[in-house]
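**Student:** Here is my input, please return the structure:
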Amino acid sequence: MNLDRRTLIKGAASALLVAGAAPAAISAARADTLPERFASLYEAAKKDGAVVFYTSYRQETSTAVLDFWRKNFPDVKLNIVQKQTLDLIPSIEAEKAAGRTNPDVVFISQRFILDGWAKRGYIMPYKVRDFDKISDKYKDPNGNYVATAVTLLAAAYNPKKFPDPSVLPKKITDFLDPKWKGRIVFADPKSAASQLTWFQTLLAQKIIDWETIKGFAKQDFLFTRGNAESVRLLVAGERDLSPLISSQNVITARERGQPIENYILEEGVVVNENLLSIFAGGPNPNGAKLLIEVLTSAEGQELVGNAGSYIPTHPDSNPPKGLPRLQDIKVIESDEDIGGEESQKFLDQFDIVFNRG
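**Tutor:** Predicted coordinates for the structure are as follows:
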């Protein structure tokens, strides 16, 4: 499935969302506004006076959420603590070890972390109003967390090098063809969590095996520290294609007019989830419920999706222009322990295969 390059630039609707206003299409489709729908929660949250949100959103996404919140829920202060996921998790662990619960709502992308926290009693189960509308694939059945959006971990290429995309690899094993040797860029799974997720998921689902990875090792990959650097090298023409670059990074580059495209391979696509949870014992329990209701609603998901180039999980939300609906793509299920013991075993073996000391 090729993602049409002409549609990878978000439309005017996203500009309205970033400014804090819902697009007319959303407003017209629903009789009530979010403040009206959650009026009783808003009144209860006013007594808290605030809500604390720990998130690894990009800055522009946090800004969009904050602007929207101030306009619609001005009597409840939204305090956003923004950190990279790998910094956010140990920060929360350190706070809990010290006997503190600082966040009300937490956003991370690792299910296994949230499952572990739920077992330790850190998370308060809560089923949002639209819980039953969201696919079982994207929520915990007990309400410990819900995925509000995903990003695609899809193949990418420079269209200046490939004006006819039909010549591109169609399957993962097609990248093993000798004609692609020296032309592939790939973010190093030692430093890029999305690439680590991709490899571990494909191995777990038996879509690839270590023989496939040994084949990759013969292709003279140019490793980078992350997706952003891979995009830069593709755009500059230093390499031509990649089995994986996050759709979020590709769309950001496309908005700048840079020549890069995502496309989906025949096996399907691995996704990164945006997971939200309420923390038990947080300082503002009513504010927490209000925030998670807003962010999981159709309007909230569309707001965040447009600001951050995410695909919403709510069936009533429209994805950003140029990205498909979840129900229209083949998603490769992922629930791997990313960053734990299994990841370290993978990375150790990966270094051996690629002859890295």
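
**Student:** Phi, psi for Ser135 please.
**Tutor:** With angles defined as degrees, to the nearest 10, Ser135 sits at phi -50, psi 150.

**Student:** give me the number of residues near it?
**Tutor:** Ser135 has 13 neighbours, counted by other Cβ atoms under 10 Å. Every C-beta, even on glycine, is put in place using the N, C-alpha and C of the backbone.

**Student:** which ones are touching it?
**Tutor:** Applying Cβ atoms under 8 Å, 6 or more residues apart in numbering to Ser135 gives the contacts Thr313, Pro315, Leu326.

**Student:** ditto for Asn72
**Tutor:** Per Cβ under 8 Å, 6+ apart, neighbours of Asn72: Gly20, Thr33, Leu34, Pro35, Val294.

**Student:** one step back: adding pLDDT, distance to Asp220 and secondary structure, write the contacts of Ser135 out as TSV.
**Tutor:** TSV is the format used below for the contacts of Ser135 (pLDDT from 0 to 100; distance: Cβ to Cβ, whole Å; DSSP: H, G, I helix; E, B strand; the rest coil):
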residue	pLDDT	distance to Asp220	secondary structure
Thr313	96	38	coil
Pro315	94	43	coil
Leu326	88	35	helix
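
**Student:** Taking the residues you listed, please make a PyMOL selection of just the buried ones.
**Tutor:** Under the burial definition 16 or more other Cβ atoms under 10 Å, those of the contacts of Ser135 that qualify are selected in PyMOL by:
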select buried, resi 313+326
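
**Student:** Present the contacts of Ser135 as a markdown table; the columns should include distance to Ala39.
**Tutor:** Putting the contacts of Ser135 into a markdown table (distance: Cβ to Cβ, whole Å) gives the following:
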| residue | distance to Ala39 |
| --- | --- |
| Thr313 | 25 |
| Pro315 | 24 |
| Leu326 | 30 |
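
**Student:** Going by distance to Lys96, which of the contacts of Ser135 wins?
**Tutor:** Nearest to Lys96 out of the contacts of Ser135 is Thr313 (Cβ to Cβ; 27.8 Å).

**Student:** Nearest residue to that closest one in space, please, no chain neighbours.
**Tutor:** Leaving aside its chain neighbours, Thr313 sits nearest to Tyr138 (4.3 Å; criterion: Cβ to Cβ, 6 or more residues apart in numbering).

**Student:** so what pLDDT did the one you found get?
**Tutor:** Predicted confidence (pLDDT) for Tyr138: 94.

**Student:** Please name the residues that touch it.
**Tutor:** Contacts of Tyr138 were listed using Cβ under 8 Å, 6+ apart, and they are Val146, Ala147, Val150, Glu273, Thr313.

**Student:** In the sheet, which residues pair with the second one? Tell me.
**Tutor:** I take that to be Ala147. Leu275 (DSSP bridges).

**Student:** From Asp136, how far off is it?
**Tutor:** For Ala147, the distance to Asp136 equals 11 Å [Cβ to Cβ, to the nearest Å].

**Student:** now Gln344
**Tutor:** 31 Å.

**Student:** ok, now Asp177?
**Tutor:** To Asp136, Asp177 is 38 Å away according to Cβ to Cβ.

**Student:** Have a look at these two and say which one is more surrounded.
**Tutor:** For Asp177 versus Asp136, neighbours defined as other Cβ under 10 Å are more numerous around Asp177 (11 against 8).
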